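A.B. asks: sequence-free structure coming up:
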């Protein structure tokens, strides 16, 4: 659906592009080079990028050209109505959620780990678009990108309790419990009035596609390695 809009650009890096996540040092030369090379292929400059710092919660921020080239600490989702800015998050199993209001030309991107899903980060993002840009639910498209699918998101009883109201997203198999996070997000989107025909979900699993994506749950690395997801409007 999003691909129908020629000026809208979005995507995600792969394992072959190297890790895109800064750890303690935002000046990490290797990560910066990985980002520079990857975005050069997309004809995007680093000073056009705005990166969410990630706190694994549900905080959403509206950004503009004054934030270009910056890391926005304390937030997991970004929204803008400006062209030629590219919003980014990093993921390594969590859900990258791309948002586009095709009438108002508003874009957003959200990082949704299980904490963000539980705290309904997508509700906060959609509400912020409505409150600040007068977006209508029927004009919003959402794409949930590759992530740790239900086949590998096994949980224990403590986590199960946090999602007990989403019974259709809980799978019990071979004395194990799995949760379908993307189905929960889709349910949350529908509750916000997003049309089902305007929601699409990737069936790619970061855990399964070992040669293509980093996966924190699969690899359990000492230092997290992650892909970078981005969205922007060219003008």
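C.D. replies: Good, I have the coordinates. Bear in mind that the values here come from a model prediction, so they are computed numbers and not experimental data.

A.B. asks: from here on, contacts and neighbour counts on C-alpha atoms
C.D. replies: Will do.

A.B. asks: all strands for the chain, in order.
C.D. replies: 8-12, 49-52, 60-62, 71-72, 77-80, 86-91, 95-101, 106-112, 140-144, 154-155, 170-173, 176-179, 199-201, 227-233 (DSSP state E).

A.B. asks: Now render those as JSON lines, adding mean pLDDT and distance to residue 219.
C.D. replies: JSON lines is the format used below for the strands of the chain (pLDDT from 0 to 100; distance: least, CA to CA, whole Å):
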{"stretch": "strand 8-12", "mean pLDDT": "97", "distance to residue 219": "19"}
{"stretch": "strand 49-52", "mean pLDDT": "96", "distance to residue 219": "24"}
{"stretch": "strand 60-62", "mean pLDDT": "98", "distance to residue 219": "29"}
{"stretch": "strand 71-72", "mean pLDDT": "93", "distance to residue 219": "26"}
{"stretch": "strand 77-80", "mean pLDDT": "98", "distance to residue 219": "25"}
{"stretch": "strand 86-91", "mean pLDDT": "98", "distance to residue 219": "14"}
{"stretch": "strand 95-101", "mean pLDDT": "98", "distance to residue 219": "17"}
{"stretch": "strand 106-112", "mean pLDDT": "98", "distance to residue 219": "20"}
{"stretch": "strand 140-144", "mean pLDDT": "98", "distance to residue 219": "23"}
{"stretch": "strand 154-155", "mean pLDDT": "95", "distance to residue 219": "15"}
{"stretch": "strand 170-173", "mean pLDDT": "94", "distance to residue 219": "23"}
{"stretch": "strand 176-179", "mean pLDDT": "96", "distance to residue 219": "19"}
{"stretch": "strand 199-201", "mean pLDDT": "97", "distance to residue 219": "24"}
{"stretch": "strand 227-233", "mean pLDDT": "98", "distance to residue 219": "14"}
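
A.B. asks: can you tell which of these is closest to residue 19?
C.D. replies: If you check each of the strands of the chain against residue 19 by CA to CA, strand 227-233 wins as the nearest, at 6.1 Å.

A.B. asks: before we move on, back to that, now the strands of the chain as CSV including mean neighbour count and distance to residue 32?
C.D. replies: Below are these laid out as CSV (neighbours: other CA atoms under 10 Å; distance: least, CA to CA, whole Å):
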stretch, mean neighbour count, distance to residue 32
strand 8-12, 17, 16
strand 49-52, 24, 12
strand 60-62, 19, 24
strand 71-72, 17, 13
strand 77-80, 26, 21
strand 86-91, 28, 13
strand 95-101, 25, 21
strand 106-112, 28, 20
strand 140-144, 22, 26
strand 154-155, 14, 34
strand 170-173, 13, 39
strand 176-179, 18, 35
strand 199-201, 17, 30
strand 227-233, 24, 12
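
A.B. asks: Much appreciated, bye for now.
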